[in-house]
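Novice: Provided below for reference: sequence and predicted model.
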Amino acid sequence: MKVLISGGAGFIGSNLALKLLNKGYQVVLLDNLSKQIHGEDPNQSYTYNLIKDRCKFIKGDVTNFEDWIHAIEGIDIVVHLAAETGTGQSMYEISKYVDVNISGTAKLMEIITKEKNQVKKVIVAASRAVYGEGKFQCNEHGIVYPVSREDKDMSQGDFEVKCPICKQNVEMLPTDEDSKLHPTSVYGHTKQSQEELCMIVGKSINLPVVAFRFQNVYGPGQSLKNPYTGILSIFSTRIKNGNDLNIFEDGLETRDFVYIDDVTDAIILGIKSDKANFQSFNVGSGEKTDVLTVANTLKEKYRSNVNINVSGNYRLGDIRHNLGDLTKIRNLLGYEPEVKFTEGISNFVDWVEMQDVEDDNYETSIEEMKRKGLYK
């Protein structure tokens, strides 16, 4: 079997490529070596160097028809990972996110539909961002799906999620795949569109499609250059530069951090199993961790004396909590996350300690959001 990975030089793509090679697959990679992820010189990129001499590599862009046509020649499975991924950045780089994430995916599916090819399955990287705030329990109204938190509440230090009916605080529940889809960011909107576009076209031509709604993926190889996504990387780069950490809201917001090996294992289950066809799956760790715990753990492991400041700042479009319900992927595909956060964060820190210290561009990203009125 011959697998094409778009975004194949990135964090998930490079790790997936190595795992597939070890399992005997032929692997082709398509990637534009984005400066935001790989830096000015891609030859210094950790993930690019992992794979550049081990697979056929095509430097190309998913927004270009010709690059797609070239890349899918002789391909059996397409794993479409290439995307713009910063939630905050998506709120002002709107056309870029739509062009790459939606139009790039449309080009792939149009080529598969119209051009001669042997593609037998498409795996698309969806996101938990499609759920917006996610699934909650209200004492009065039962299960609810709250809308975005309001600026007027957060500006007064009230960061809790409210029932959309009675406006009282609600309790987070694990979000399952049948939950309401209502993203709160442009990024989330584009990921929902990607997933639905692939499913619609796939069903119309009887081409199996599998969508994986990834939670917060982390681990060795995550870009330390990108100040827009990956909280562990952003915090690590600041700590290594001796800069204090600014914790948004009250620090009690939570995320489902899923380790890179568990993510690549899930994708391979999707490639191999017919039970996955035309299904969407959460891919997570099954546990939630608050941001203040992440910051304190990293500070301790790096033996740093930087300050951790819980500032009350917030970004419009951010969600409060995040925990994926894994029942479906466990039952249908036999997925089971293997790496607990305590182990995974130690592996990540050990890897960071072996890397060169990258420039800290976090403040620049914050200033951009301030100018756009998205950071308060």
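Specialist: Looks like it came in fine. Worth saying up front: this structure is predicted, and the values here are computed from it rather than measured.
Novice: next one: the host helix or strand of residue 266 to chain centre, how far?
Specialist: For residue 266, the element it lies in under DSSP states H and E is helix 260-272. Centre-to-centre, helix 260-272 and its host chain are 14 Å apart (CA atoms, centre = their mean, to the nearest Å).
Novice: same check on stretch 142-159?
Specialist: Centroid displacement of stretch 142-159 relative to its chain, using CA atoms, centre = their mean, is 23 Å.
Novice: now the terminal residues of that stretch, how far apart.
Specialist: 21 Å (CA to CA, to the nearest Å).
Novice: show me where pLDDT drops low in this protein?
Specialist: Scanning the chain for pLDDT under 70 picks out nothing.
Novice: show me where the stretch 251-376 of the chain has its helices.
Specialist: Assigned by DSSP state H, counting those that start in this stretch, the stretch 251-376 of the chain shows helices spanning 260-272, 291-301, 327-333, 341-353, 362-371.
Novice: got a list of contacts for the helix holding residue 266?
Specialist: Here helix 260-272 makes contact (CB atoms under 8 Å, 6 or more residues apart in numbering) with 1, 3, 11-12, 15-16, 19-20, 23, 77, 79, 121, 123, 210, 212, 214, 217-222, 276, 281, 283, 285, 329, 333-335, 337-339. Every residue, glycine included, has its C-beta placed from N, CA and C.
Novice: and the buried ones among those residues, selectable in PyMOL?
Specialist: This is the PyMOL syntax for the buried subset of those, where burial follows 16 or more other CB atoms under 10 Å:
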select buried, resi 3+11+12+15+16+19+20+77+79+121+123+210+212+214+217+218+219+220+221+222+276+281+283+285+329+333+335+337+339
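Novice: returning to that earlier point: out of the helices of the stretch 251-376 of the chain, flag the one nearest residue 131.
Specialist: Proximity to residue 131 (CB to CB) singles out helix 327-333 among the helices of the stretch 251-376 of the chain, at 13.9 Å.
Novice: for the closest residue in space to residue 14 that isn't next to it in sequence, give its distance to residue 16.
Specialist: Nearest non-adjacent residue to residue 14, counting by CB to CB, 6 or more residues apart in numbering: residue 47, 4.0 Å away. According to CB to CB, to the nearest Å, residue 47 stands 11 Å off from residue 16.
Novice: got it, and residue 46?
Specialist: In terms of CB to CB, residue 46 sits 15 Å off from residue 16.
Novice: do residue 295 as well
Specialist: Residue 295 is 29 Å from residue 16, by CB to CB.
Novice: and the helices of the stretch 251-376 of the chain, which is most packed in?
Specialist: helix 260-272 (a mean of 22; mean count of other CB atoms under 10 Å).
Novice: got the angle between it and helix 341-353?
Specialist: Relative orientation of helix 260-272 versus helix 341-353 (axes from the mean of the first three to the mean of the last three CA atoms, to 10 degrees): 110 degrees.
Novice: going forward can the numbers begin at 24, since that is how I track them
Specialist: OK, 24 is where the count begins now, so the last one is helix 283-295.
Novice: only alpha carbons, please: show helix 283-295 as PDB.
Specialist: Extracted in PDB, the C-alpha atoms of helix 283-295 (Å, rounded to 0.1, in the frame of the first residue of the first chain):
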ATOM      1  CA  ILE A 283       1.700  11.900  19.400                       C
ATOM      2  CA  ASP A 284       2.200   8.100  19.400                       C
ATOM      3  CA  ASP A 285      -1.400   7.600  20.400                       C
ATOM      4  CA  VAL A 286      -2.500   9.900  17.500                       C
ATOM      5  CA  THR A 287      -0.400   8.100  14.900                       C
ATOM      6  CA  ASP A 288      -1.700   4.700  16.200                       C
ATOM      7  CA  ALA A 289      -5.300   5.900  15.800                       C
ATOM      8  CA  ILE A 290      -4.600   7.000  12.200                       C
ATOM      9  CA  ILE A 291      -3.200   3.600  11.300                       C
ATOM     10  CA  LEU A 292      -6.300   1.900  12.800                       C
ATOM     11  CA  GLY A 293      -8.300   4.100  10.500                       C
ATOM     12  CA  ILE A 294      -6.200   3.100   7.500                       C
ATOM     13  CA  LYS A 295      -6.500  -0.600   8.200                       C
END
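Novice: what is the longest helix of the protein by residue count?
Specialist: helix 209-227 (DSSP state H).
Novice: any buried residues in that one, and which?
Specialist: Quick answer for helix 209-227 (16+ other CB under 10 Å): 209-222, 224-225.
Novice: mind putting the helices of the stretch 274-399 of the chain into TSV with distance to residue 90?
Specialist: Formatted as TSV, the helices of the stretch 274-399 of the chain follow (distance: least, CB to CB, whole Å):
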stretch	distance to residue 90
helix 283-295	22
helix 314-324	37
helix 350-356	31
helix 364-376	31
helix 385-394	28
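Novice: and of these, who's closest to residue 200?
Specialist: That would be, of the helices of the stretch 274-399 of the chain and by CB to CB, helix 350-356, which comes in at 5.4 Å.
Novice: in terms of secondary structure, what does the closest one contact?
Specialist: helix 283-295, strand 302-306 (3 or more CB pairs under 8 Å, 6 or more residues apart in numbering; DSSP states H and E).
Novice: out of those, the one nearest residue 251 is which?
Specialist: helix 283-295 (18.7 Å).
Novice: residues contacting the residue lying closest to residue 369 once chain neighbours are set aside?
Specialist: Leaving aside its sequence neighbours, residue 369 sits nearest to residue 324 (CB to CB, 6+ apart; 6.9 Å). By CB under 8 Å, 6+ apart, the contact set of residue 324 is 368, 369, 372.
Novice: any idea how far residue 324 is from residue 315?
Specialist: Distance from residue 324 to residue 315, by CB to CB: 15 Å.
Novice: and for residue 333?
Specialist: Counting by CB to CB, the gap from residue 333 to residue 315 is 7 Å.
Novice: ok, now residue 63?
Specialist: In this view, residue 63 and residue 315 are 34 Å apart by CB to CB.
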